[in-house]
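*Asks:* sequence and predicted structure are below.
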Amino acid sequence: MSDVTLTLIGKPACHLCDDAEDVVAQVIANFDTLTISVEKKNIEDDEDLFEAYWEQIPVLLINGKVHNYWRIDPERLTRALKELA
């Protein structure tokens with residue numbers, strides 16, 4: 001079984017960030033072939049993240065690499081996770 005880390009970068013009171021969190025939760029609920037951890041990072045708490053992503057939030061990283069931003073596509077995320085399984 002592979003280990004995958006999903007990092008969701010956003011900020012409080014961001015409806016797109018809330019939507020992205022819901023999509024991630026729905027997609028990973030369907031995976032039993034991967035050990036998936038999800039971490040949330042707030043751009044307001046990290047100057048480097050703010051500089052890198054303030055125009056793109058929410059941003060989803062898979063194992064530290066940008067996967068998607070603004071609107072997280074559940075089908076695209078599912079395909080990416082299947083490739084890692």
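*Replies:* Cool, got the structure.
*Asks:* from now on I want contacts and neighbour counts done on CA atoms only, so please keep to that.
*Replies:* Fine.
*Asks:* quick check: closest non-adjacent residue to the residue nearest the centre of the chain.
*Replies:* Against the mean C-alpha coordinate of the chain, by C-alpha atoms, centre = their mean, the closest residue is L60 at 3.0 Å. Nearest-residue entry for L60: L8, 4.7 Å, with adjacent residues in sequence omitted and distances by C-alpha to C-alpha, 6 or more residues apart in numbering.
*Asks:* convert the C-alpha atoms of stretch 69-85 to PDB, please.
*Replies:* Taking Å, rounded to 0.1, in the frame of the first residue of the first chain, the C-alpha atoms of stretch 69-85 are listed here in PDB:
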ATOM      1  CA  TYR A  69      -6.100  25.000  -8.100                       C
ATOM      2  CA  TRP A  70      -9.200  27.100  -7.800                       C
ATOM      3  CA  ARG A  71     -11.700  24.300  -8.400                       C
ATOM      4  CA  ILE A  72     -10.700  20.800  -7.600                       C
ATOM      5  CA  ASP A  73     -11.900  18.400 -10.200                       C
ATOM      6  CA  PRO A  74     -13.000  15.100  -8.500                       C
ATOM      7  CA  GLU A  75     -12.400  13.000 -11.700                       C
ATOM      8  CA  ARG A  76      -8.900  14.400 -12.200                       C
ATOM      9  CA  LEU A  77      -8.000  13.800  -8.600                       C
ATOM     10  CA  THR A  78      -9.400  10.200  -8.700                       C
ATOM     11  CA  ARG A  79      -7.300   9.500 -11.900                       C
ATOM     12  CA  ALA A  80      -4.200  10.900 -10.200                       C
ATOM     13  CA  LEU A  81      -4.600   8.800  -7.100                       C
ATOM     14  CA  LYS A  82      -5.300   5.700  -9.100                       C
ATOM     15  CA  GLU A  83      -2.000   6.200 -10.900                       C
ATOM     16  CA  LEU A  84      -0.300   6.300  -7.500                       C
ATOM     17  CA  ALA A  85      -2.000   3.100  -6.200                       C
END
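*Asks:* just the residues contacting it, thanks.
*Replies:* Applying C-alpha atoms under 8 Å, 6 or more residues apart in numbering, the external contacts of stretch 69-85 come out as 1-2, 16, 19-20, 23-24, 27, 33-34, 56-60, 67.
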